[in-house]
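Q: just coords:
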């Protein structure tokens, strides 16, 4: 009789342990889905926020175009346009002005310039090693 009890206990463990393992896996999957859903909602909110901010840029004061902003950044670095890659130019509200954010790579460095869209003055610039 004791052997039968041990066998029944062993059979119960064979069922309980895999069931618990399955429940844990399902809970992990559920948590991952909930976490990803929160991230997706945050991205939608940020997209709307960014969209609204770009709507509020007063373009009436802009005196220089994107090409001139790039020319100013390259002149500061004594570079030519054929020496750069991954160029990105965006119009933003920063430093209390409408500015062009000009970013690009050259060699192993990444450069970023903030150029006032009205005056053409360099408001901020930096260089970092791009890995």
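A: On my side now, so go ahead. Everything quoted here is computed from the prediction, not taken from an experiment.
Q: Strands of the protein, residue ranges please.
A: Using DSSP state E, the strands of the chain run over residues 85-94, 97-106, 109-116, 122-129.
Q: Each with direction, which strands does the last one pair with?
A: If I follow you right, that is strand 122-129. strand 109-116 (antiparallel) (DSSP bridges).
Q: Mind checking the pLDDT average for the partner strand?
A: Mean pLDDT, computed over strand 109-116, is 96.
Q: and it with strand 85-94, angle?
A: Angle, strand 109-116 to strand 85-94, by axes from the mean of the first three to the mean of the last three C-alpha atoms, to 10 degrees: 30 degrees.
Q: angle of strand 109-116 against strand 97-106?
A: Counting by the same axes, to 10 degrees, strand 109-116 points 160 degrees away from the direction of strand 97-106.
Q: Pull out the buried positions in strand 109-116.
A: 110-111, 113-116 (16 or more other C-beta atoms under 10 Å). Where C-beta positions appear, they are placed from N, C-alpha and C, glycine not excepted.
Q: and for that strand, what are the contacting residues?
A: Under the contact criterion C-beta atoms under 8 Å, 6 or more residues apart in numbering, strand 109-116 has outside partners 64, 69, 72-73, 76-77, 84, 94-95, 97-105, 121-130.
Q: all helices in the chain, in order from the N-terminus.
A: All helices of the chain, identified by DSSP state H, fall at 2-55, 66-77.
Q: Please parse this protein into its domains.
A: 1-56, 60-129 (automatic domain parsing).
Q: Give me whichever of these is most buried.
A: Highest mean neighbour count of the domains of the chain: domain 60-129, a mean of 15 (counted as mean count of other C-beta atoms under 10 Å).
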